[in-house]
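Return atomic coordinates for the entry below.
(2 chains)
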Amino acid sequence: NAGVTQTPKFQVLKTGQSMTLQCAQDMNHEYMSWYRQDPGMGLRLIHYSVGAGITDQGEVPNGYNVSRSTTEDFPLRLLSAAPSQTSVYFCASVRTGTPDPGANVLTFGAGSRLTVL
Amino acid sequence: AQSVTQLDSQVPVFEEAPVELRCNYSSSVSVYLFWYVQYPNQGLQLLLKYLSGSTLVKGINGFEAEFNKSQTSFHLRKPSVHISDTAEYFCAVSAQGGKLIFGQGTELSVKP
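Take a look at the predicted model:
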């Protein structure tokens, strides 16, 4: 049982380049999300999805694009990288709406550290 | 909308001393509350959660937290800390189960 898998773990980009951070989960969770972590700011929500074909913006969506074609995958795309996007990115998934003990608790991936020069 | 404030950005403490990490939240609806821990260069690990029921919640590694609805607080406590508790701790709130709002984090530094 792999949980939430993020790739790559590390990436260095030049300003203006594009790339995709991959996120996959094998728990059949309907809800997936992307966060970025910056010193002193905690984790901030970039985009989230409540199911295949449905995405919405979080707190800091500018410069990022997402899609959800399957329940398992939720890639995050940087269209034209900027130094301000240097951060650690976390993907998460969760099962919501049920009272069982495992629901409503996010499972996080190990993180992807991105540096934009 | 929900928001979370962690009242201390850094908390230095000596080994075997008690510690309290403070967290206040604002929300107009019922919430779920969480504490996560992040050890250096690692991902996030769930310490404990409040979804419903008893307001005193016990978590891993000897930590506990108390949900106080009237004061909108969810402070984290441990009666005796170890060097290995040195980490960053995040308080988080959710009103919909999936959309977590995090506090800014508290760096706990345990000194010998």
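
remind me which residues of the chain are low pLDDT?
Using chain A. For chain A, applying pLDDT under 70 flags the ranges A:1, A:98-102.

actually chain B
For chain B, the ranges with pLDDT under 70 are B:96-97.

Strands along chain A, start to end?
Ranges of strands in chain A, per DSSP state E, are A:4-7, A:10-13, A:19-25, A:31-37, A:43-51, A:54-57, A:64-66, A:76-78, A:87-94, A:107-108, A:112-116.

The longest one pairs with which strands, parallel or anti?
What it means is strand A:43-51. strand A:31-37 (antiparallel), strand A:54-57 (antiparallel) (DSSP bridges).

Between strand A:87-94 and the first one, find me the angle.
Going back to what we said before, that points to strand A:31-37. Orientation of strand A:31-37 against strand A:87-94 (axes from the mean of the first three to the mean of the last three C-alpha atoms, to 10 degrees) gives an angle of 160 degrees.

What are the neighbouring residues in contact with the spatially most central residue of chain B?
With distances taken as C-alpha atoms, centre = their mean, residue B:35 lies nearest the centre of chain B, 3.7 Å away. Counting by C-beta atoms under 8 Å, 6 or more residues apart in numbering or on different chains, residue B:35 touches B:21, B:23, B:46-49, B:59, B:63, B:65, B:74, B:76, B:89-92. (Each C-beta comes from the backbone N, C-alpha and C, glycine too.)

Kindly state the beta-bridge partners for the residue positioned nearest the centre of chain A.
Geometric centre of chain A, nearest residue: residue A:34, 2.6 Å, by C-alpha atoms, centre = their mean. Taking DSSP bridges as the rule, residue A:34 bridges to residue A:47, residue A:91.

What of residue B:68?
residue B:73.

quick one: it and residue B:50 touch, right?
No. With contacts counted by C-beta atoms under 8 Å, residue B:68 stays clear of residue B:50, the gap being 10.5 Å.

Neighbour count for these two, which is higher?
residue B:50 (19 against 12; other C-beta atoms under 10 Å in any protein chain shown).

gap between that one and residue B:61?
Residue B:50 sits 17 Å away from residue B:61, going by C-beta to C-beta, to the nearest Å.

How about residue B:87?
Counting by C-beta to C-beta, the gap from residue B:87 to residue B:61 is 10 Å.

follow-up on the earlier one: what helix or strand is the residue nearest to the centre of chain B on?
strand B:32-38 (DSSP states H and E).

next SSE after that strand?
strand B:45-50.

isn't residue A:55 right next to residue A:68, touching?
Yes. Using C-beta under 8 Å, residue A:55 is in contact with residue A:68, at 5.6 Å.

so what sits against both of these two?
residue A:49.

near chain B, which residues of chain A?
Contact residues (C-beta under 8 Å from any C-beta of the partner chain) of chain A with chain B: A:31, A:33, A:35, A:40-45, A:48, A:50, A:58, A:90, A:92, A:94, A:96-97, A:103-106, A:108-111.

Buried ones among these?
The neighbour count (16 or more other C-beta atoms under 10 Å in any protein chain shown) marks A:31, A:33, A:35, A:42-45, A:48, A:50, A:58, A:90, A:92, A:94, A:96, A:104-106, A:108-109, A:111 as buried among the residues of chain A next to chain B.
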